[in-house]
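Generate a structure from the sequence data that follows.
(chains A, B, C and D)
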2 protein chains.
Amino acid sequence: MLDGSDLRVTRPRRLVWEVLAAEPGHLTAAEIADRVHQKDSSINVSSVYRTLATFAERRLVRESRLGSDDVSYWETAHADHVIHLVCSSCNAVVHHDSDSASMLRREVFTAHKFVSAHVEVTVTGLCINCTV
Amino acid sequence: MLDGSDLRVTRPRRLVWEVLAAEPGHLTAAEIADRVHQKDSSINVSSVYRTLATFAERRLVRESRLGSDDVSYWETAHADHVIHLVCSSCNAVVHHDSDSASMLRREVFTAHKFVSAHVEVTVTGLCINCTV
DNA sequence: ACGTTCTTGCGAACCGTTCGCAAGAAGGCT
DNA sequence: AGCCTTCTTGCGAACGGTTCGCAAGAACGT
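Prediction:
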């Protein structure tokens, strides 16, 4: 997946990708660094950060601010129409498939001539397990 | 606006509120602290942060992560259906009024029985002035 | 195999934000 | 007005995620 880009295929990049691809949910940079570290302990945290930044630029991964904490969560890329439902009680994150994003794009262009590149939707609330 | 809550009316709180109420756009905590400081230089940054946190808890103000930088932006509260369009070229932030938020709430409840408390939508792209 | 260019590891720096604590105000009660 | 309790503040230091500079090291075209 780095083939065809101008990016060199290096060990940190391969491992970061492996970790993200193996994880169905979201990981913090620290968690990614940990798992990468287990595969190759010589890989540095800053390389993980740099790799994530590079991947994000090419839209290979997606960064989100999910909790109320100020940490980034990462996952392999998915389209805008997949939005995040974050349970404020158990912190679970559910992916929800909606076409509201594409409607929004249209709406926003009609109303403001705003050309949207990226739509980020986060809904906080209570998931099915945490509703009384 | 602190009347009727259990919050004491103090100088930092009054001034932070004044600053936010006077600003139509978004401010960082540092900018708020600056402006508060101009009105009363004895007020500390940490009080500004504490005040913002307190106000946010009571939903009097709204915190958003707008740019790609990791700073919070603050504004007086508005309903969920007001969403943010952030221009990635000139960094302008436009408020857009949409009912997609309430549709989302319904959608998300039907599909996942997820009870949403808060919907945060940020669209990044190019505003009318920055489109070629 | 070689040389250029891109990446990495390391460690220190950065910077927005938070914390602990003692001093200081708010506001209820008399 | 004065007192007392409880909530807030100012201060300064700490925190923690993320970034940076630089020299050593790896990728990959030729």
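
Quick check: residues of chain A near DNA strand C?
A:6-8, A:10-13, A:42-44, A:46-47, A:50-51, A:70 (CB under 7 Å from any atom of the strand). To be clear about C-beta, it is placed using only N, CA and C from the backbone, and glycine gets the same treatment.

Only whichever of these are buried, select them in ChimeraX.
To isolate the buried ones among these in ChimeraX, judged by 16 or more other CB atoms under 10 Å in any protein chain shown, type:
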select /A:7,12,13,43,47,51
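
Go back to the residues of chain A next to DNA strand C and keep what's next to chain B.
residue A:70 (CB under 8 Å from any CB of the partner chain).

Pick out whichever of the residues of chain A next to DNA strand C sits closest to chain B.
The closest of these to chain B turns out to be residue A:70 (CB to the nearest CB; 6.6 Å).

name the helices or strands packed onto the helix or strand where residue A:101 lies?
Element membership for residue A:101 (DSSP states H and E) is helix A:100-112. Judged by 3 or more CB pairs under 8 Å, 6 or more residues apart in numbering or on different chains; DSSP states H and E, helix A:100-112 is in contact with strand A:115-126, strand B:82-87, strand B:93-97, helix B:100-112, strand B:115-126.

What residues sit buried inside that helix?
Buried residues in helix A:100-112 (16+ other CB under 10 Å): A:100, A:101, A:104, A:105, A:107, A:108, A:112.

repeat for stretch A:112-122
So for stretch A:112-122, counting by 16+ other CB under 10 Å, buried means A:112, A:114, A:115, A:116, A:119, A:120, A:121, A:122.

Ok, stretch A:28-38 next?
For stretch A:28-38, burial by neighbour count (16+ other CB under 10 Å) applies to A:29, A:32, A:33, A:35, A:36, A:37.

Skipping adjacent residues, who's closest to residue A:36 in space?
In space, and not counting its chain neighbours, residue A:36 is closest to residue A:15: 4.7 Å by CB to CB, 6 or more residues apart in numbering or on different chains.

How far does stretch A:91-107 stretch from one end to the other?
31 Å (CA to CA, to the nearest Å).

which other residues reach it?
Residues outside stretch A:91-107 that contact it (CB atoms under 8 Å, 6 or more residues apart in numbering or on different chains) are A:25-26, A:66-67, A:73, A:78-87, A:116, A:119, A:121, A:123, A:127, A:129, B:83, B:96, B:98, B:100, B:103-104, B:107-108, B:111-112, B:114, B:121, B:123.

One more pass at 7 Å, please.
By CB atoms under 7 Å, 6 or more residues apart in numbering or on different chains, the residues outside stretch A:91-107 that reach it are A:25-26, A:66-67, A:80-86, A:116, A:119, A:121, A:127, B:98, B:100, B:103-104, B:107-108, B:111-112, B:114, B:123.
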